[in-house]
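*Asks:* sequence and predicted structure below; questions after.
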Amino acid sequence: MKRAALLPLALLAACASAPAPQPAPAAPLHVAARPDGAEPAAARPAEARPVSAPAELMMVLRVADPRRTWQHATQHLASTPFGQSLLRAGPMGPDLLLGRAIGPALADMVDLGKPLDVAVLDVASPRFVFSLSVPEERVPRLHERFVLEKRSGLLRVERAREADAGAPPRACAFEPGERRGSARLLCAEGQEDLEVTAPYLVEVVGREPLEADARLEMPESGIREAMERGRATRDDGAESYSARMGRETGERFVGDIEDLRLDVTWGRADVEVGLGLRFASQRSPLTRAIVPAAVGGAALPPAFLRLPADTALALYTQGASRAELTPLRDTFFGWLRDDMVRGGYDAARLDRFFEHLGALVFTGGPVVFGAGGDRAAAEKALAAYQGGGKGAQRAQAAARRALQGWFLVAIEEPGQTWTAGVKELLQLGDELDQHRAPGAGTTGDAPDGRKRGDRAPRSPQIVLARAPAALPAGTIHAELRSRPAAKDGPPASTTHVYVVPAGQRTWIGVGKDDAAVVARLRVATEAGRDARTLGAAPGVEALRQRGLHAGALLSLAGCALLAARGDTPAKLSDAAETLALVAALPSRGESAIPVTVTSEVLGSGAARVSTRARLSPAALQDIITLLSR
């Protein structure tokens with residue numbers, strides 16, 4: 001029964017307008033006269049067209065200080081298996097690697113304390129073009145050290161003038177630059193790649209400020225190529241109707257992206273990792289929803305600090321306005337309605353149902369979300385299940401129960417609005433079931449071409465139950481009771497849904513462990529229990545800054561626990577393996593990772609979103625160790 005799934009789905013759909021900080025203007029580049037004796041770069045005609053990116057460009061890597069970045073990277077890698085293998089390989093460093101790549105004579109002309117830019121062409125068979133900094137005082141000596149040929153505005157390196165020097169191992173050329181400190185050495189596998197890519201690396205990439213220590217950029221051409229490759233390997237005929245609608249929504253969102261940037265900044269102790277998206281337009285409903293037009297200095301929603309302290313993943317969003325969410329709501333409701341009509345539900349009654357649902361979700365306003373589970377109980381139960389022996393079925397059932405988590409949602413709307421609205425939705429849902437076409441969902445072809453029948457899960461039954469006295473008056477308690485769809489499928493289960501009024505705020509809790517959900521709702525709604533909330537958790541201070549569009553607090557262990565599933569023996573084995581791998585990390589994956597999100601509308605439909613995660617030394621060690629295994 002699709003409408004049963006709407007109740008928990010509706011809990012995540014309310015969003016509203018969000019403020020975003022205005023970035024400071026970039027500092028202008030300093031232009032100075034070239035020293036005497038330096039050969040100027042070839043003059044460009046005033047009417048020349050702007051330099052564009054090479055057609056095959058997939059991404060660009062920029063490193064502000066290669067030598068410093070190498071030191072930081074090797075320091076953090078030293079205690080990992082990958083770092084140990086590097087040490088066993090013998091002496092290694094950026095100067096040595098560069099000398100091997102382009103020859104010692106050319107490597108001697110480069111300053112590895114200044115920016116390095118690398119263009120990657122053609123993702124299928126990657127080709128690299130390097131742009132390295134040349135100190136200004138070495139520019140006048142270029143003709144003394146090398147035999148050069150002027151070609152396409154570059155000084156092509158034929159060979160070094162020293163005795164017995166042959167041609168460099170790669171096609172290389174100097175670009176003396178038009179301003180002090182802008183001279184570059186460019187190298188590629190072939191001359192054609194060098195000449196095509198050099199203008200873009202020098203005149204576009206090299207002139208853009210680089211605030212981070214390292215940054216990976218993927219332009220629109222690279223994103224488009226990646227999408228095309230994904231389409232080529234996808235089997236559209238095996239997609240369900242809902243999966244296809246979700247994919248199409250995602251593709252429209254990706255189609256708005258102009259470029260993607262991933263950057264790293266080394267701090268004294270912590271490391272900051274950022275992901276930035278720039279949108280050329282906001283045609284996608286999803287883009288409009290995540291980049292609101294409102295700008296301000298909104299603070300961290302108080303409900304976030306009321307989440308239980310054992311929350312494995314906590315996040316919030318200031319949201320978008322109702323008008324900005326309308327396209328996304330119409331898209332979501334549209335494909336869900338069509339799918340339910342295919343399943344035999346009455347179209348007119350569905351319209352009435354979605355009209356009432358629309359009064360609760362996609363209405364705007366801050367939303368807080370938290371999810372968690374019992375890691376210790378899950379590890380213990382999975383270990384017993386992996387042990388085998390007698391009582392295997394009981395061990396499997398216990399492991400499945402131990403992996404059942406809970407989640408809470410806080411919405412800044414009066415509780416009466418939601419309690420009355422949910423009751424009405426449940427009544428309308430009963431009417432939908434009563435007027436559903438007989439046999440619907442059990443015969444005929446599914447949208448993905450497969451036969452319906454026992455493969456399709458049976459509709460869960462929604463029943464109103466008594467709410468415990470421990471929760472505020474007016475609380476609604478609904479039970480979603482599922483039945484097994486097949487002999488080898490998941491057993492029957494009951495999911496508990498609570499809608500809890502708390503003044504001008506509404507809390508919603510969902511989970512299969514009734515006691516666990518009620519306990520977390522009590523922590524969130526009862527005053528005087530701050531020690532058991534996120535308000536006292538490490539890492540939360542990073543989320544208190546004003547002007548954030550969204551924020552999150554998570555850990556590797558928490559994400560692994562929430563991702564674990566126990567529906568089948570194979571999934572239980574995967575869960576046991578994953579949790580054991582995380583438990584073996586230096587800090588057991590428990591270090592808190594704060595994540596912040598800012599957004600800005602730039603005008604003419606353009607916009608950008610920046611997500612930043614702060615990694616403590618312990619969290620970074622865990623991540624590196626995990627990736628090196």
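*Replies:* Arrived safely.

*Asks:* show me where the stretch 301-450 of the chain has strands.
*Replies:* Per DSSP state E, counting those that start in this stretch, the stretch 301-450 of the chain carries strands over the ranges 313-317, 367-372, 406-411.

*Asks:* now tabulate those strands in JSON lines and tack on mean neighbour count.
*Replies:* No exception for glycine: its C-beta is placed from N, CA and C like everyone else's. Formatted as JSON lines, the strands of the stretch 301-450 of the chain follow (neighbours: other Cβ atoms under 10 Å):
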{"stretch": "strand 313-317", "mean neighbour count": "23"}
{"stretch": "strand 367-372", "mean neighbour count": "24"}
{"stretch": "strand 406-411", "mean neighbour count": "26"}
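
*Asks:* so which of these is nearest Val139?
*Replies:* Between Val139 and the strands of the stretch 301-450 of the chain, the tightest spacing by Cβ to Cβ is seen for strand 313-317, at 51.0 Å.

*Asks:* residues contacting the closest one, please?
*Replies:* 15, 18, 300-301, 303-304, 307, 366-372, 534, 549-554, 558-559, 562, 595, 597 (Cβ atoms under 8 Å, 6 or more residues apart in numbering).

*Asks:* extract the CA atoms of that strand and return them as PDB.
*Replies:* Coordinates of each C-alpha in strand 313-317 appear next as PDB, following Å, rounded to 0.1, in the frame of the first residue of the first chain:
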ATOM      1  CA  LEU A 313      23.200  11.400  12.300                       C
ATOM      2  CA  ALA A 314      21.800  14.800  13.000                       C
ATOM      3  CA  LEU A 315      21.000  17.500  10.500                       C
ATOM      4  CA  TYR A 316      18.900  20.600  10.000                       C
ATOM      5  CA  THR A 317      17.900  22.900   7.200                       C
END
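
*Asks:* partners of it, with directions?
*Replies:* Strand 313-317 sits in its sheet next to strand 367-372 (antiparallel), strand 550-554 (antiparallel), going by DSSP bridges.

*Asks:* what about the helices in the stretch 51-200 of the chain?
*Replies:* 66-77, 81-88, 94-102, 104-107, 142-145, 191-200 (DSSP state H, counting those that start in this stretch).

*Asks:* other residues contacting stretch 255-272?
*Replies:* Taking Cβ under 8 Å, 6+ apart as the rule, stretch 255-272 contacts 68-69, 72, 76, 211-220, 223, 273-284, 287, 606, 612-617, 620.

*Asks:* show me those that map onto strands.
*Replies:* 214-219, 273-279, 606, 612-615 (DSSP state E).

*Asks:* quick one, which of these are buried?
*Replies:* Neighbour counting with 16 or more other Cβ atoms under 10 Å marks 214-219, 273-279, 606, 612-615 as buried within the ones in strands among the contacts of stretch 255-272.

*Asks:* double-check Ser52 against Val196; I have them as touching.
*Replies:* No: between Ser52 and Val196 there is no contact under Cβ atoms under 8 Å: 10.6 Å.

*Asks:* more crowded one of those two?
*Replies:* Legend: neighbour count by other Cβ atoms under 10 Å for Ser52 and Val196, higher for Val196 (19 against 11).

*Asks:* residues touching that one, list them.
*Replies:* By Cβ under 8 Å, 6+ apart, the neighbours of Val196 are Pro54.

*Asks:* give me the pLDDT for it.
*Replies:* Val196 is assigned 93 on the pLDDT scale.

*Asks:* before we move on, the earlier item: of the contacts of strand 313-317, select the buried ones using a ChimeraX command.
*Replies:* The following ChimeraX line selects those of the contacts of strand 313-317 that are buried, judged by 16+ other Cβ under 10 Å:
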select :15,18,300,301,303,304,307,366,367,368,369,370,371,372,534,549,550,551,552,553,554,558,559,562,595,597
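
*Asks:* picking that back up, would you single out the least confident of the helices of the stretch 51-200 of the chain?
*Replies:* Sorting these by mean pLDDT places helix 81-88 lowest, at a mean of 64.

*Asks:* so which of the helices of the stretch 51-200 of the chain gets nearest Ala469?
*Replies:* helix 66-77 (52.4 Å).

*Asks:* hang on, the earlier thing: including mean pLDDT and distance to Ser240, could the strands paired with strand 313-317 go into CSV?
*Replies:* Compiled in CSV, those are given as follows (pLDDT from 0 to 100; distance: least, Cβ to Cβ, whole Å):
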stretch, mean pLDDT, distance to Ser240
strand 367-372, 96, 25
strand 550-554, 95, 29
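
*Asks:* in CSV, list those strands along with distance to Arg337.
*Replies:* Formatted as CSV, the strands paired with strand 313-317 follow (distance: least, Cβ to Cβ, whole Å):
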stretch, distance to Arg337
strand 367-372, 23
strand 550-554, 29
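
*Asks:* ok, which of those comes nearest Ser133?
*Replies:* Short answer: strand 550-554, nearest of these by Cβ to Cβ, at 36.9 Å.

*Asks:* what about dumping the CA coordinates of the closest one to CSV?
*Replies:* Taking Å, rounded to 0.1, in the frame of the first residue of the first chain, the C-alpha atoms of strand 550-554 are listed here in CSV:
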residue,chain,number,x,y,z
ALA,A,550,22.0,23.7,6.7
GLY,A,551,24.2,21.7,9.0
ALA,A,552,24.9,18.2,10.2
LEU,A,553,26.7,16.3,12.9
LEU,A,554,27.8,12.7,12.1
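
*Asks:* does Leu480 count as helix, strand or coil?
*Replies:* strand (DSSP: H, G, I helix; E, B strand; the rest coil).

*Asks:* return the per-residue confidence for Ala542.
*Replies:* So Ala542 comes in at 89 (pLDDT).

*Asks:* swap that for Ser240, sorry
*Replies:* pLDDT for Ser240: 72.

*Asks:* quick one: closest of the strands of the stretch 301-450 of the chain to Arg349.
*Replies:* That would be strand 406-411 among the strands of the stretch 301-450 of the chain, by Cβ to Cβ, at 26.2 Å.

*Asks:* just put the strands of the stretch 301-450 of the chain in TSV and tack on distance to Leu262.
*Replies:* Compiled in TSV, the strands of the stretch 301-450 of the chain are given as follows (distance: least, Cβ to Cβ, whole Å):
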stretch	distance to Leu262
strand 313-317	20
strand 367-372	25
strand 406-411	29
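
*Asks:* nearest to Ala527, of the ones you listed?
*Replies:* Of all those, strand 406-411 sits nearest to Ala527, with 15.0 Å by Cβ to Cβ.

*Asks:* which residues sit against the closest one?
*Replies:* Counting by Cβ under 8 Å, 6+ apart, 11-12, 14, 301, 303-304, 306-308, 311, 365, 367-373, 418, 505-511, 513, 516-517, 520-521, 524 sit against strand 406-411.

*Asks:* who does that strand pair up with?
*Replies:* By DSSP bridges, strand 406-411 pairs with strand 367-372 (antiparallel), strand 505-511 (antiparallel).

*Asks:* coming back round to it: figure out which of the strands paired with strand 313-317 is closest to Glu203.
*Replies:* Nearest to Glu203, of the strands paired with strand 313-317 and by Cβ to Cβ, is strand 550-554 at 36.0 Å.

*Asks:* not counting that closest one itself, show me its contacts.
*Replies:* For strand 550-554, the surrounding residues in contact (Cβ under 8 Å, 6+ apart) are 18, 300, 304, 311-318, 534, 537, 539-540, 542-543, 592-597.

*Asks:* and if you look at stretch 122-134?
*Replies:* For stretch 122-134, the surrounding residues in contact (Cβ under 8 Å, 6+ apart) are 56, 58, 98, 101-102, 109-112, 114-121, 174, 181, 183-190, 193-194, 197-198, 201-202, 205-206, 222, 225-226, 229.

*Asks:* which of those residues fall within strands?
*Replies:* Counting by DSSP E, those place 58, 116-121, 174, 184-188 in strands.

*Asks:* and the furthest pair within those residues?
*Replies:* The span of those, defined through Cβ to Cβ, is set by Met58 and Phe174 at 25.5 Å.

*Asks:* neighbour-wise, which of those two wins?
*Replies:* More neighbours surround Phe174 than the other of Met58 and Phe174, with 24 against 20 (other Cβ under 10 Å).
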